[in-house]
Each structure stands twice: as structure tokens, then as C-alpha cells.
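Chemist: Next comes the sequence, and after it the predicted model I'd like to discuss.
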Amino acid sequence: MTDRITKAVIPAAGLGTRFLPATKAMPKEMLPVVDKPAIQYVVEEAVAAGLDDVLMIIGRNKNALANHFDRVTELELSLASKGDEKKLERVKESSDLADVHFVRQGDPKGLGHAVLRARKHVGNQSFAVLLGDDLIDARDPLLTRMLDEHDKRGATIVALLEVDPASIQMYGAAAVEATDDPDVVRVTGLVEKPAPELAPSNLAVIGRYVLKPAVFDILERTPPGKGGEIQLTDALMEMAGDVEGTGGVYGVVFRGRRYDTGDKLDYIKAVIQLASDREDLGPDLRPWLAEYVESFDRP
């Protein structure tokens with residue numbers, strides 16, 4: 001057993017070009033998913049798994065992220081004076097969630113470089129990395145299971161999702177070996193965005209990782225790879241060989257609900273799915289949605 005992990009790293013330095021012009025002045029992480037920014041769902045997931053020390057790796061023009069997790073005294077006083085306790089509670093919720101820190105990435109050198117920027121904050125401890133494009137439904141906890149497997153196996157853990165083999169070229173694909181648990185596999189190799197006929201499996205790496213601190217030394221010596229960036233995948237491939245006693249890499253196969261906010265169509269789907277499940281919105285939204293869909297077949 002190792003000390004329980006308490007730190008989460010959230011890379012949030014991307015430009016969000018797929019959502020232009022909406023992201024010209026607003027970070028993509030602040031795009032609303034129903035009535036909360038996407039980034040808040042990610043922080044809430046980390047906190048629910050016991051990670052209350054959150055470091056965000058940000059780029060320029062990302063001040064809105066810091067503002068969202070800060071107190072807004074004027075707004076709080078205004079809501080309090082109106083007796084609007086419900087809205088006041090929701091406004092204060094984001095600033096009370098966790099101890100949130102920020103560091104600039106500087107040069108945009110890829111996900112591996114962003115993770116490396118967390119080294120001074122994390123120190124010689126294992127930590128979690130959560131990417132903001134993947135929202136995991138709170139009813140299907142993934143990160144807690146990954147932390148448990150890290151403690152059990154003393155290894156780096158990645159999240160894996162079974163995808164349509166024709167879609168594997170959009171992901172990193174894992175070569176795996178079975179373990180005594182059908183939902184846990186040993187990762188023996190990783191291939192970034194392979195052609196379907198060359199993919200080692202249809203198990204795709206999604207945006208949740210529990211990393212041992214040895215990853216920092218490996219990233220330090222990892223040369224730029226695809227796109228001229230330092231790829232976290234390259235470091236994980238080295239760790240999968242259990243170099244320097246890193247314990248190898250295992251994957252938790254996730255079979256729950258995941259919402260992809262990485263492109264426009266999937267973002268819209270995520271908003272509709274989450275809103276449909278809400279107690280305050282679903283009863284009115286679902287009948288309207290069914291009627292709207294039915295109208296597609298009308299002349």
C-alpha cells in the first residue's frame with residue numbers, strides 16, 4: 001500500500017480552436033454544460049475521489065478559470081441581500097470545492113510537457129491527471145477505481161474504453177494482457193491513433209491517468225514526438241516495460257457513462273444527455289425532445 005493520493009493535475013492550456021469563434025475570448029473549459037462550465041465537472045470528479053489539491057496547467061488568456069474558482073464577494077452579497085439562498089449556494093460551491101492552484105505551461109509543447117510542469121507541485125508522489133474533454137458521469141465512478149488499483153498494484157493506471165474498431169484511429173490504442181480481473185488489464189504497449197487494421201485492440205485510452213512520480217524523469221528525457229510535441233503516450237510506453245521498477249502500466253476498462261466535449265457534435269450530445277437526466281429539467285425536456293425527434297419524419 002502507498003500513501004493515498006491527494007493531488008490532481010488538470011491540463012487546460014489548449015486553444016480550443018474547434019469551438020471558434022466561441023473560444024476566441026473564452027477558454028474552452030468554461031463552455032457551459034447545462035449550467036456549469038465543463039471544468040467544474042472535472043474538479044468535482046477529482047474531489048469526489050478524495051483529491052482536494054488541484055493544479056491546473058493553463059496558457060495565456062485563461063484568467064476566467066482562476067476567476068471561476070475564486071470568491072466573487074460582490075455577487076455573493078447581492079444574492080444574500082435578495083435572500084436568494086439557492087443561487088448563493090451554487091455560486092459559492094465552485095470556490096469551496098478544492099484548493100485550486102494554477103501554473104502557466106509557457107511553450108505549448110504537448111500533454112507530456114504540461115504534465116511535466118506539475119513536477120514541483122506534485123513532488124515525489126503519485127498523482128492523477130484528468131483531461132477536461134472527457135466528462136465522466138458522477139454515477140459511474142472511474143477515478144476511485146483507478147486509485148484503488150494503483151494502491152493495490154503499485155503501478156501507473158490508465159483509463160480504457162472499448163470503442164468501435166473503425167474509430168480507434170481517433171485515440172491511443174492499448175496492447176493488453178488479461179489479469180485475474182476482467183475489468184483490469186496489463187498494458188504492454190500503446191499506439192497513438194493507429195489505422196484500424198494496425199490497432200493492437202479496440203481499447204482506447206481516455207483522459208484519466210494515475211501516474212507514479214517516475215513519469216517526470218521519463219518525460220524529462222522524452223524527445224518531441226508526433227506533431228513536434230512531448231507526448232505523454234511515449235512516456236507511458238516506456239513505463240509499460242516496467243523500466244526502473246515503475247511497476248508497469250495497467251488499464252481499468254470503463255463501462256459507464258462518458259460525455260465527450262471535445263468537438264461540437266459530441267458537446268451538444270453531452271448537454272442534451274446531462275440535461276435529460278436532471279430532476280429539474282428532464283421531466284419537461286424529455287417529452288419535448290421526443291416530440292422534436294418525431295417531427296423529423298413528418299412531411
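Modeler: Here it is on my side, so go on.

Chemist: Check what pLDDT Val243 gets.
Modeler: On the pLDDT scale, Val243 is placed at 64.

Chemist: Next: Asp217.
Modeler: 93.

Chemist: for it, helix, strand, or coil?
Modeler: helix (DSSP: H, G, I helix; E, B strand; the rest coil).

Chemist: now swap in Gly132 and tell me
Modeler: Classified using three-state DSSP, Gly132 is coil.

Chemist: can you pull the contacts of it?
Modeler: Residues near Gly132 by CB atoms under 8 Å, 6 or more residues apart in numbering: 10-12, 28-29, 38-39, 42, 207, 261. Where C-beta positions appear, they are placed from N, C-alpha and C, glycine not excepted.

Chemist: Save those as a markdown table, and put in distance to Ala235 and pLDDT too.
Modeler: Output for the contacts of Gly132, formatted as a markdown table (distance: CB to CB, whole Å; pLDDT from 0 to 100):
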| residue | distance to Ala235 | pLDDT |
| --- | --- | --- |
| Ile10 | 18 | 96 |
| Pro11 | 14 | 94 |
| Ala12 | 20 | 91 |
| Lys28 | 25 | 91 |
| Glu29 | 24 | 92 |
| Ala38 | 26 | 94 |
| Ile39 | 25 | 95 |
| Val42 | 22 | 96 |
| Gly207 | 16 | 93 |
| Thr261 | 25 | 89 |
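
Chemist: from those residues, which ones fall inside helices?
Modeler: Among these, the members falling in helices (DSSP state H) are 38-39, 42.

Chemist: Looking at the residues you listed, spot the one nearest Ile272.
Modeler: Ala38 (14.7 Å; CB to CB).

Chemist: Run a quick neighbour tally on the closest one.
Modeler: Look at Ala38: counted by other CB atoms under 10 Å, it has 23 neighbours.

Chemist: Sounds good, over and out.
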